[in-house]
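A.B. asks: Need coordinates for the following:
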Amino acid sequence: MAQLNPRELDVLNVLWKKSDDALTSTDIVNEQRGLTQSTVIAVLRKLLQDNLVEVAGVTHSGKVLSRTYRPTEESKNVILQNFAEQYSHFKNVVSKTQLFDAILAIEQEPEQMKKEIADIKDLLTKYEKKKK
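C.D. replies: Numbers count the residues shown, from 1 in each chain. Coordinates of the predicted model:
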């Protein structure tokens, strides 16, 4: 599984935030402070090679044609794996309960939080049944 560097994570984060729209490299630069056009192009090339993004199409960007990109489902799996690996380094410091609490505290929408809590309850129920 690919280990993602911070810039790759930045680009994937932008693409997932805007996953309803395919984005050009310029769109990505405009969405994320600190990214340059040359960095985004290099990152997209690597992410394409790793099948973490795909070319969605071609569009006019000013007077030139530009590729548009979108994330692949595989990129979600890689992000999750990277997150889990990072957590494994700190699991003796941060409990799963603390992690859930911190993640839920980020959610601002009450309805979304209710849904997340229900999903977590379902997940925990499934795990309890497996362990019996």
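A.B. asks: Distance of V43 relative to K130?
C.D. replies: Relative to K130, V43 is positioned 39 Å away (criterion: CB to CB, to the nearest Å). C-betas here are computed from N, CA, C, even on glycine.
A.B. asks: Compare neighbour counts for these two and give me the winner.
C.D. replies: V43 (23 against 7; other CB atoms under 10 Å).
A.B. asks: Which of the helices or strands spans that one?
C.D. replies: Assigning secondary structure by DSSP states H and E places V43 in helix 37-49.
A.B. asks: Name the surrounding residues that touch that helix.
C.D. replies: Outside helix 37-49, the residues that touch it by CB atoms under 8 Å, 6 or more residues apart in numbering are 7-8, 10-12, 25-26, 28-29, 53-55, 69, 75.
A.B. asks: run the last query once more with 10 Å
C.D. replies: 2, 4-5, 7-12, 14-15, 23-29, 31-32, 35-36, 52-55, 67, 69, 71-72, 75, 78 (CB atoms under 10 Å, 6 or more residues apart in numbering).
A.B. asks: Selecting buried members of the residues you listed in ChimeraX, what would you type?
C.D. replies: Provided next is the ChimeraX selection string for whichever of those are buried by 16 or more other CB atoms under 10 Å:
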select :2,4,7,8,10,11,12,14,15,23,24,25,27,28,29,31,35,52,53,67,69,71,72,75,78
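A.B. asks: Mind checking which of the contacts of helix 37-49 are in strands?
C.D. replies: Among the contacts of helix 37-49, the members falling in strands (DSSP state E) are V53, E54, V55, R67, Y69, P71.
A.B. asks: Now for the closest residue to E54 other than its chain neighbours: which residues touch it?
C.D. replies: Of all residues not flanking E54 in the chain, T72 sits nearest, at 5.5 Å (CB to CB, 6 or more residues apart in numbering). Residues counted as contacts of T72 (CB under 10 Å, 6+ apart) are L12, L15, L47, L48, D50, N51, L52, V53, E54, V78.
A.B. asks: Also E109?
C.D. replies: K115, E116.
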